[in-house]
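Trainee: Structure of the sequence below:
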Amino acid sequence: MSANNSRWTPGSRSLVRSCVTGLMLALVMTCTLPARAAFHLWAIREVYTDASGTNQFIEFFTASTGQHVVGGQQIKVTSSSGTNTFVIPSNLPSGTANKAFLVGTVGITNFGAPKPDYFIPANFLFPTGGNLTFFVGSGPYTALPTDGTFSRTWGGGNATNSPQNYSGQVGTISIPVVNTPPVISITSPFNNANFGAGDSVPVAVSASDPGGSVVNVRLLTNGVPAATNTVAPFGFTLPNLPPGDYILRAIAQDNGSLTATSAPVTIHMLGGPRLVFAPGTNGPIRFTFQSSNGYNYVIERALPLTNFTPVVTNPGNGGTLQYAETNGVPSQGTYRVRVQ
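Mentor: Okay, the predicted model is just below:
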């Protein structure tokens, strides 16, 4: 076979050797190309927040190698409240097979968590639910547990939190529960309500405890315990109160023995005027009665003992009021005083 003729002739092996050598070189070059590093095979594994949002973490996991080029990638959380985005500032060390990496707030290390590989700001996650985006497993999540102990296993249920960082360190966050006092108010009667002496006065309260439960409510009248109720909604009835003014307060106690006292509510128990009769100088009848400030006293007369009609209205002055019949014609009648 000549240099200018590529046709194969029997007995010539040089062209065969040249082709085989070229093919082997191509195979060697193809097999020794390095694997390309990536980042897209990280899966969301665990999500955690406490009630305040100051302690949060997200843990990611991959079974694949070469997934360390995460620098510049975004972790995004969205909800109806808005969107939070965190840009990972740098790559991870190589050798990612069967590894986890942890993003979390600074404070979680104070309560038993390992140091996060990257730090996210407080309230990055929306505790009431949202959509978490970072490659494998991205999608919506419902309201997260916020009791300080449980986390959301992604794609599963709630379990005791167990954050793990890239170094393989594992911990469990344990946040002490801070008990807060209950909240209580008297919703009925309203302040400065009037009742007739001897009436039964119903008292309604609103009692709740943001960090536990209300176990009992005590009702005070003028600073003296009047009744205790251990069953929600903790209502009361005050029977047969004599005339006078009463300041009501309610005290709630929670399951942590903390108490709270309501704002005071004043009620007025009005007694019927006691009429004192005296001989009239300008007519057949005259009487007096004690009054209280802020109330009107309507004197009514009936002839005969039905169909009372107003005669005169006198405002109370805290002292004695008097009525004198000026009708010079003697007649029988019935009088009464109505407080309003």
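Trainee: Please count neighbours and contacts with C-alpha atoms only from this point.
Mentor: Noted.
Trainee: mind listing what the longest strand anywhere in the chain pairs with, with the direction of each?
Mentor: Scanning the chain for the strand with the most residues, using DSSP state E, yields strand 244-254. Strand 244-254 has its sheet partners listed here by DSSP bridges as strand 214-221 (antiparallel), strand 259-261 (antiparallel), strand 265-270 (antiparallel).
Trainee: Would you mind putting those strands into JSON lines with mean pLDDT, distance to Y118 and mean neighbour count alongside?
Mentor: Converted to JSON lines, the strands paired with strand 244-254 look like this (pLDDT from 0 to 100; distance: least, Cα to Cα, whole Å; neighbours: other Cα atoms under 10 Å):
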{"stretch": "strand 214-221", "mean pLDDT": "96", "distance to Y118": "41", "mean neighbour count": "22"}
{"stretch": "strand 259-261", "mean pLDDT": "96", "distance to Y118": "42", "mean neighbour count": "19"}
{"stretch": "strand 265-270", "mean pLDDT": "89", "distance to Y118": "54", "mean neighbour count": "20"}
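Trainee: Could you export those as TSV, including distance to L144?
Mentor: Shown next, in TSV, are the strands paired with strand 244-254 (distance: least, Cα to Cα, whole Å):
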stretch	distance to L144
strand 214-221	25
strand 259-261	30
strand 265-270	41
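Trainee: Of the ones you listed, give the one that comes closest to P182.
Mentor: Closest to P182 of these, according to Cα to Cα: strand 259-261, at 5.8 Å.
Trainee: neighbouring contacts of the closest one?
Mentor: Here strand 259-261 makes contact (Cα atoms under 8 Å, 6 or more residues apart in numbering) with 181-185, 249-253.
Trainee: What is the burial count for the residue lying closest to P242 once chain neighbours are set aside?
Mentor: Excluding the flanking residues, the one nearest P242 by Cα to Cα, 6 or more residues apart in numbering is A197, at 5.2 Å. Using other Cα atoms under 10 Å, A197 is surrounded by 18 other residues.
Trainee: got it, and A193?
Mentor: Neighbours of A193 under the rule other Cα under 10 Å: 12.
Trainee: again with T320
Mentor: 11.
Trainee: Does it touch S292 like I think?
Mentor: No - T320 lies out of contact with S292 (Cα atoms under 8 Å); the separation is 9.1 Å.
Trainee: Secondary structure element holding G148?
Mentor: Of the helices and strands defined by DSSP states H and E, none includes G148.
Trainee: Check the contact between it and V178; I expect there is one.
Mentor: No - when contacts are counted by Cα under 8 Å, G148 is not listed as touching V178 (11.0 Å).
Trainee: ok, these two, which is more surrounded?
Mentor: Higher neighbour count among G148 and V178: G148, with 21 against 8, using other Cα under 10 Å.
Trainee: any idea how far I175 is from that one?
Mentor: 6 Å (Cα to Cα, to the nearest Å).
Trainee: got it, and P225?
Mentor: P225 is 38 Å from I175, where distance means Cα to Cα.
Trainee: what do you get for T83?
Mentor: Distance from T83 to I175, by Cα to Cα: 27 Å.
Trainee: residues in contact with the nearest residue to P93 once chain neighbours are set aside?
Mentor: Nearest non-adjacent residue to P93, counting by Cα to Cα, 6+ apart: H68, 6.1 Å away. When contacts are counted by Cα under 8 Å, 6+ apart, H68 touches 37-39, 91-96.
Trainee: Kindly present those residues as a markdown table, with separate columns for secondary structure.
Mentor: Shown next, in a markdown table, are the contacts of H68 (DSSP: H, G, I helix; E, B strand; the rest coil):
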| residue | secondary structure |
| --- | --- |
| A37 | coil |
| A38 | coil |
| F39 | coil |
| N91 | coil |
| L92 | coil |
| P93 | coil |
| S94 | coil |
| G95 | coil |
| T96 | coil |
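Trainee: What score does A278 have for pLDDT?
Mentor: We have a pLDDT of 61 for A278.
Trainee: Equivalent analysis for the one 10 residues further on, please.
Mentor: On pLDDT, T288 comes in at 81.
Trainee: for the one 5 residues further on, same thing?
Mentor: Each residue has a pLDDT score; the one for N293 is 73.
Trainee: Begin at 20 from now on, thanks
Mentor: Sure thing, new numbering starts at 20, so read that last one as N312.
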